[in-house]
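Student: Predicted model, plus sequence, below.
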Amino acid sequence: MSILVCGGAGYIGAHVVRLLQQRGEKVIVVDDLSTGRKDRIGNATLVTLDVAASDAVTVLANTMVDEDVTGVIHFAARKQVGESVERPMRYYRQNVGGLANVLSAMNEAGVDQMIFSSSAAVYGMPDVPTVSEDVPCHPINPYGETKLIGEWMMADCQRAWDLKWIGLRYFNVAGAGWDDLADSAILNLIPMVLDRVERGEAAKIFGTDYPTPDGTCVRDYIHVLDLAEAHIAALTALATGQPSHHTYNVGTGIGTSVREIVDGLRRVAGWEFPVEECDRRAGDPPTLIGDPLSIGVDLGWKANHGLDEILDSAYSGWQAGPRPITAPRA
Ligand code: UFG
């Protein structure tokens with residue numbers, strides 16, 4: 001028996017792979033290595049494959065049968081809000097087309113358990129301070145649209161062939177559980193800030209005129225290790241049947257502004273690196289904070305790591321990587 005992790009060599013996927021391995025599970029990783037790295041997956045079997053490729057259904061179905069796969073965790077998707085506005089078809093091809101291939105292969109191979117990386121981006125610009133899962137979904141960018149379509153696809157498969165599934169709606173994932181698994185793709189706020197600082201450039205804040213306390217966007221930052229634990233909890237729950245909900249927020253209920261993150265990184269780095277205030281970025285909602293009540297009740301999950309651990313571990317992981325930041329001499 002084994003668990004197939006699509007996108008398991010990526011930042012979040014590799015944390016889940018490591019937790020699964022620590023539990024003694026056999027893990028098969030499918031990854032195109034576009035942002036993923038082989039050295040992150042330990043002794044897992046690697047199948048190098050783009051899940052959106054034309055031969056993906058066959059390769060995936062054969063792998064599932066050969067490796068006696070009982071459940072799939074699907075991370076393999078693109079995740080940049082801004083890029084999705086500029087290149088929407090890339091997102092539909094990869095996120096919707098790729099998932100369709102994975103689900104088709106599962107149906108063919110008789111695998112009926114799926115944990116799906118959904119996103120808080122499905123909510124769009126909710127009119128409530130903290131979103132619960134029953135808030136209507138009105139995504140405001142193609143990225144969020146593709147994640148919502150993914151949830152619909154799984155609901156359809158549930159009706160058609162009894163797929164058991166949980167969609168975890170991630171809020172803003174950051175930090176590192178281990179230095180070697182730190183986020184090396186420069187796609188989100190913290191790595192983007194550290195990348196610019198390392199290159200001797202000012203960190204950028206996109207938008208300072210939002211209707212938020214300090215004018216910058218507010219997000220719910222979740223430690224990647226807590227998020228990884230949520231996948232284990234979801235997998236465990238599915239193994240004994242479908243829990244009462246299909247989608248769960250993985251957030252903390254606490255909002256932090258972009259400015260607070262940047263100030264926190266200055267504190268951790270120990271110097272006041274320069275910061276540039278820029279125009280708003282297209283597709284950004286002002287505030288997005290998740291209510292984690294349901295996942296606590298149904299799956300017994302809660303976040304155990306706070307903002308300081310997120311910032312400390314993200315910085316430590318960055319410094320252990322190929323381009324550590326050197327503070328200027330006083
Ligand atoms: N930001 C900056 N400067 C930067 C990079 C980002 O100010 O250099 C800002 C963004 O404009 C945004 C905030 O920091 O206001 C967070 O941006 P990210 O790109 O890190 O994350 P997003 O909130 O856009 O999206 C992330 C994930 C999505 C997920 C979403 C849920 O990438 O997958 O969180 O809230 F859906």
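Tutor: Looks like it came in fine.
Student: wait, is Gln94 part of a strand?
Tutor: No. Counting by DSSP: H, G, I helix; E, B strand; the rest coil, one finds Gln94 to be helix, located in no strand.
Student: list the buried ones in stretch 313-327?
Tutor: The neighbour-count check on stretch 313-327 (16 or more other C-beta atoms under 10 Å) flags Ser313, Ala314, Tyr315, Ser316, Gly317, Trp318, Gln319, Gly321, Ile325 as buried. (C-beta placed from N, C-alpha, C; glycine too.)
Student: for those residues, which one is nearest the ligand?
Tutor: Closest approach between the buried residues of stretch 313-327 and the ligand, by C-beta to the nearest ligand atom: Ala314, at 11.5 Å.
Student: Quick one: residues contacting the closest one.
Tutor: Shown in contact with Ala314 (C-beta atoms under 8 Å, 6 or more residues apart in numbering): Ala174, Gly175, Ala176, Ala182, Asp183, Ile190, Pro191, Leu194, Leu265.
Student: Need the buried residues of stretch 313-327 in CSV (columns: secondary structure).
Tutor: Below are the buried residues of stretch 313-327 laid out as CSV (three-state DSSP):
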residue, secondary structure
Ser313, helix
Ala314, helix
Tyr315, helix
Ser316, helix
Gly317, helix
Trp318, helix
Gln319, helix
Gly321, coil
Ile325, coil
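Student: Which ones among the contacts of Ala314 map onto strands?
Tutor: Among the contacts of Ala314, the members found in strands (DSSP state E) are Ala174.
Student: Now a ChimeraX select for only the buried ones of the contacts of Ala314.
Tutor: Provided next is the ChimeraX selection string for whichever of the contacts of Ala314 are buried by 16+ other C-beta under 10 Å:
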select :174,175,176,182,183,190,191,194,265
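Student: So which of the contacts of Ala314 sit within helices?
Tutor: Among these, the members found in helices (DSSP state H) are Ile190, Pro191, Leu194, Leu265.
Student: if we can go back for a sec, give me the subset of the contacts of Ala314 touching the ligand.
Tutor: Subset of these in contact with the ligand: empty, counting by C-beta under 6 Å from any ligand atom.
Student: could the contacts of Ala314 go into JSON lines alongside pLDDT?
Tutor: Output for the contacts of Ala314, formatted as JSON lines (pLDDT from 0 to 100):
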{"residue": "Ala174", "pLDDT": "98"}
{"residue": "Gly175", "pLDDT": "98"}
{"residue": "Ala176", "pLDDT": "98"}
{"residue": "Ala182", "pLDDT": "96"}
{"residue": "Asp183", "pLDDT": "94"}
{"residue": "Ile190", "pLDDT": "98"}
{"residue": "Pro191", "pLDDT": "97"}
{"residue": "Leu194", "pLDDT": "98"}
{"residue": "Leu265", "pLDDT": "98"}
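Student: which of the buried residues of stretch 313-327 lies closest to Asp127?
Tutor: Of all the buried residues of stretch 313-327, Ala314 has the smallest distance to Asp127: 31.0 Å, by C-beta to C-beta.
Student: how close does that closest one get to Glu108?
Tutor: Separation of Ala314 from Glu108 (C-beta to C-beta, to the nearest Å) stands at 40 Å.
Student: what's the burial count for the residue lying closest to Gly207 once chain neighbours are set aside?
Tutor: Ranked by C-beta to C-beta, 6 or more residues apart in numbering and with sequence neighbours excluded, the top spatial neighbour of Gly207 is Arg280, at 3.6 Å. For Arg280, the neighbour count with other C-beta atoms under 10 Å is 13.
Student: Also the one 3 residues further on?
Tutor: Burial measure for Gly283: 20 neighbouring residues, criterion other C-beta under 10 Å.
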